[in-house]
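J.: quick one, what's the 3D model for this:
(2 chains)
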Number of protein chains: 2
Amino acid sequence: MSTSNREQLDKRYNEIKARGLSLDMTRGKPCGPQLDLSSGLLDCLGRDFKAADGTDCRNYGVLDGLPEAKKLFAEFLEVTPAEIIVAGNSSLALMHDSVAQAVLRGVPGGSQPWHGAKFLCPSPGYDRHFAVCEHLGIEMINVRMTEEGPDMDEVERLTSGDESIKGIWCVPKYSNPTGVVFSDAVVDRLARMKAAPDFRVFWDNAYTVHHLTDRPRPLKNLLSACKEAGNADRVLIFGSTSKVSFAGAGVAMMAGSEANVAYTKQNMSLQTIGPDKVNQLRHVRFFRDMAGIEAHMKKHAAILKPKFDAVTAILDREIGDSGAATWTRPAGGYFISVDTKDGCAKAVVKMAAEAGAKLTSAGATFPHGKDPRDRNIRIAPSMPSQAEIEQAMELVAICIQRVALGS
Amino acid sequence: MSTSNREQLDKRYNEIKARGLSLDMTRGKPCGPQLDLSSGLLDCLGRDFKAADGTDCRNYGVLDGLPEAKKLFAEFLEVTPAEIIVAGNSSLALMHDSVAQAVLRGVPGGSQPWHGAKFLCPSPGYDRHFAVCEHLGIEMINVRMTEEGPDMDEVERLTSGDESIKGIWCVPKYSNPTGVVFSDAVVDRLARMKAAPDFRVFWDNAYTVHHLTDRPRPLKNLLSACKEAGNADRVLIFGSTSKVSFAGAGVAMMAGSEANVAYTKQNMSLQTIGPDKVNQLRHVRFFRDMAGIEAHMKKHAAILKPKFDAVTAILDREIGDSGAATWTRPAGGYFISVDTKDGCAKAVVKMAAEAGAKLTSAGATFPHGKDPRDRNIRIAPSMPSQAEIEQAMELVAICIQRVALGS
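T.: The predicted structure is shown next:
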């Protein structure tokens, strides 16, 4: 039976391969219809370039963002306007720079630059976070992701015993790639735990409004929890509209205690005269307020939800509870995370690629691209059409089963 | 006679002070009518977001800039499209990051990061260049600016004897604040001189098309000269449209050898998914080609030239060849540089401010804000109206003469 199953899988694989597919599910890119939702952003300004306070957005100045942009995105990140900086088009740039400046100069609460710093990397996680550490020579320590967030017993054990641990990467809501929303208990423990005085939680709230269902999952406010715990400076919050408006032509922001914001502004003042305020103004004019953003995100969900459902429907149908893999059913975000049997992920990704479906490299969701169990595969269903997803996922499911059977 | 002159100056000063002026000539900001020249940039795109090769500019990707933007701005900086990166809105950000990455990781040709690096700072120069060094812990060495560029005897003496000297800041065309255009001989000597293998000329060509006369001053191409001298990797070129289109909502770029470009792209890949391509596309659509940019810059000159003329006319009239000060008559750029008698600049700036005219802080044009002769004052005539300039400069001229007389 195993042999006939093997033969059947090989046959189906070769049939699909013969179709000459060329599908790309590697990255969480919005699809055309999603981008079309924000077409109005392109021409909503007309030639009216004045901010509410009369600022000419075409000229220099306003380092930390237009007042109306700070107001809107403070609500977006659940902080006050005094706790936010609205910047350029990339939250990754803000994160990289926050780490780079800390390596060069330190952070408030620390007595020196982050030389020999280590970071905790809950995994599977976001490859570009880990790449920042690798680039800047920061040692990464794997921490297991649970369904509630990072394994906090392990996090507390590590941070309480080692002051060279300076940071932890978190995508707390609809986490990349697992879709996990951090529980209140995890948020509280991150706020209260013992850690170096210059330790920072890098709270990449990339998917804060990116729900796939009508019942948005709540996330406890870490900045508030840190203030209550007397650790107001512990968290740096990041966000962007890359997957709200335009990917790469949106607005990015960071938030934190007033001390952290003041320090970041001081660093930024050496790097730029200010952000693109015209684009900030476009965003405020187009979305108007949080209700506008929320209504807009429902339209994104209407496009994305059937794609996510297509992925899980095919995995259910093809693999089910056979044990060849498990997968997530996220309530938001951009990814589905599949765990194959140990030692299979690389072979599955290779086999799928050879038949025309490109997936995120196996291991990419772990520090240094090395998944210790070689089992995690990140599926990014946003960009391809539903028909393409169905073809690609059938192929992926076949590969998962075939690799599990061995050669 | 000196007493009566003193009394007359005091009388005029007090009369002007009584008018309650509030003028700001601190920074090289474009004025409203200059920004209006680019109003079409705001709505030239309509909703057509596709680049020439079909790239959807609303989505992620294209790390180093749209092909058509690279083509246009390669011509702008006199390099090839393979030698340029078209990035975000701030050339200062590109400069800061180039230095920061070098401090963290080194540069091609070097064997290690720039620890203990020193920079040569031709002065008077651009305060924000010096601030980058100060921020990143780089020791600054003053070098005298001549009418041909930096004192190259001194530059060669220093770089040939000290491999810890890793950089020199240059604004080679219509220099900030002196208006100097570097001579061919200076360019050749920068290309050929002995220096550390990881030494870089930071060539901030901020005013490359910013002429004030009909006879643009030529600047020899340093990248070509470096290639000829076998030092292709020596120069990093920077530019932006901040004073072509919109200040803060323009497009910034950097250029250099293919090795430097590849290295910078690798660093950038850790920091961002890509620049705001929509804004790059706007710029290409609006300006079309270099002829479009050049025609546009003539309109800027028509606005700026009378303002520059007003500054020098009043200095000629009020101070002339009395010896109380000398000043530049730049053929381009954004500044007029005034040298008072030694030891007078701070007092002049303070006295002018007390009567309502804010000038750039005395000393700002030198490393650490310290002008060793306390004589240089940078005048930024772009922002105020001609009537305001006339009032402010009369006041400044009075202050210069009054301070020169002593108390």
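J.: near chain B, which residues of the stretch 101-250 of chain A?
T.: A:103-105, A:128, A:131-132, A:135-137, A:242, A:246-249 (CB under 8 Å from any CB of the partner chain). Bear in mind the C-beta positions are built from the backbone N, C-alpha and C, glycine included.
J.: one more time with 6 Å
T.: A:131-132, A:135, A:246-249 (CB under 6 Å from any CB of the partner chain).
J.: what about stretch A:260-275, distance to the chain center?
T.: Computed by CA atoms, centre = their mean, to the nearest Å, the chain-centroid distance of stretch A:260-275 equals 24 Å.
J.: buried ones in that stretch?
T.: A:260-261, A:263-264, A:267-268, A:270-275 (16 or more other CB atoms under 10 Å in any protein chain shown).
J.: in a markdown table, list those residues along with secondary structure.
T.: A markdown table is the format used below for the buried residues of stretch A:260-275 (DSSP: H, G, I helix; E, B strand; the rest coil):
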| residue | secondary structure |
| --- | --- |
| A:Asn260 | helix |
| A:Val261 | helix |
| A:Tyr263 | helix |
| A:Thr264 | helix |
| A:Asn267 | helix |
| A:Met268 | helix |
| A:Leu270 | coil |
| A:Gln271 | coil |
| A:Thr272 | coil |
| A:Ile273 | coil |
| A:Gly274 | coil |
| A:Pro275 | coil |
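J.: how about those residues, which pair is most distant?
T.: Maximum pairwise distance among these (CB to CB): 21.7 Å, between A:Asn260 and A:Ile273.
J.: max-length helix in chain A?
T.: In chain A, assigned by DSSP state H, the helix with the most residues is helix A:290-318.
J.: buried ones in that one?
T.: Buried, per 16+ other CB under 10 Å, within helix A:290-318: A:293, A:296-297, A:300-301, A:303-304, A:307-308, A:310-312, A:314-315, A:318.
J.: and the contacts of the helix or strand just after that helix?
T.: Next helix or strand after helix A:290-318 toward the C-terminus (DSSP states H and E): strand A:325-327. With contact meaning CB atoms under 6 Å, 6 or more residues apart in numbering or on different chains, strand A:325-327 is reached by A:315, A:319, A:336, A:338-340, A:400.
J.: which of those residues fall in strands?
T.: Mapping the contacts of strand A:325-327 onto strands (DSSP state E) picks out A:336, A:338-340.
J.: average pLDDT across the helix or strand hosting A:Cys226?
T.: If you go by DSSP H and E, A:Cys226 is part of helix A:222-228. Average pLDDT, helix A:222-228: 98.
J.: list the buried residues for it?
T.: Buried residues in helix A:222-228 (16+ other CB under 10 Å): A:222-223, A:225-227.
J.: equivalent analysis for stretch A:110-119, please.
T.: For stretch A:110-119, using 16+ other CB under 10 Å, the buried residues are A:110, A:113-114, A:117-119.
J.: now stretch A:307-319 - C-alpha only, PDB.
T.: Output in PDB follows, covering the C-alpha atoms of stretch A:307-319 (Å, rounded to 0.1, in the frame of the first residue of the first chain):
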ATOM      1  CA  LYS A 307      -7.000  32.500  -0.700                       C
ATOM      2  CA  PHE A 308      -6.200  31.400   2.900                       C
ATOM      3  CA  ASP A 309      -9.200  29.100   2.800                       C
ATOM      4  CA  ALA A 310      -8.100  27.600  -0.400                       C
ATOM      5  CA  VAL A 311      -4.700  26.700   1.200                       C
ATOM      6  CA  THR A 312      -6.200  25.100   4.200                       C
ATOM      7  CA  ALA A 313      -9.000  23.400   2.200                       C
ATOM      8  CA  ILE A 314      -6.400  21.600   0.000                       C
ATOM      9  CA  LEU A 315      -4.200  20.700   2.900                       C
ATOM     10  CA  ASP A 316      -7.300  19.300   4.700                       C
ATOM     11  CA  ARG A 317      -8.300  17.300   1.600                       C
ATOM     12  CA  GLU A 318      -4.900  16.000   0.600                       C
ATOM     13  CA  ILE A 319      -3.200  15.500   4.000                       C
END
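J.: how far off centre is that stretch?
T.: Stretch A:307-319 has its C-alpha centroid displaced from the chain centroid by 22 Å (CA atoms, centre = their mean).
J.: and what of stretch A:13-23?
T.: Its chain's average C-alpha position is 31 Å from that of stretch A:13-23, according to CA atoms, centre = their mean.
J.: what sits against the residue lying closest to A:Pro367 once chain neighbours are set aside?
T.: What sits nearest to A:Pro367 in space, not counting adjacent residues and going by CB to CB, 6 or more residues apart in numbering or on different chains, is A:Met140, at 3.8 Å. Applying CB under 6 Å, 6+ apart, we find A:Met140 in contact with A:119, A:121, A:133, A:367.
J.: adding pLDDT and secondary structure, write those out as CSV.
T.: Shown next, in CSV, are the contacts of A:Met140 (pLDDT from 0 to 100; DSSP: H, G, I helix; E, B strand; the rest coil):
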residue, pLDDT, secondary structure
A:Phe119, 98, strand
A:Cys121, 98, strand
A:Cys133, 98, helix
A:Pro367, 98, helix
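J.: circling back: same list, the residues of the stretch 101-250 of chain A next to chain B, but as a markdown table with secondary structure, pLDDT and distance to A:Phe199 please.
T.: Converted to a markdown table, these look like this (DSSP: H, G, I helix; E, B strand; the rest coil; pLDDT from 0 to 100; distance: CB to CB, whole Å):
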| residue | secondary structure | pLDDT | distance to A:Phe199 |
| --- | --- | --- | --- |
| A:Ala131 | helix | 98 | 21 |
| A:Val132 | helix | 98 | 17 |
| A:His135 | helix | 97 | 20 |
| A:Phe246 | coil | 98 | 34 |
| A:Ala247 | coil | 97 | 31 |
| A:Gly248 | coil | 94 | 31 |
| A:Ala249 | coil | 98 | 34 |
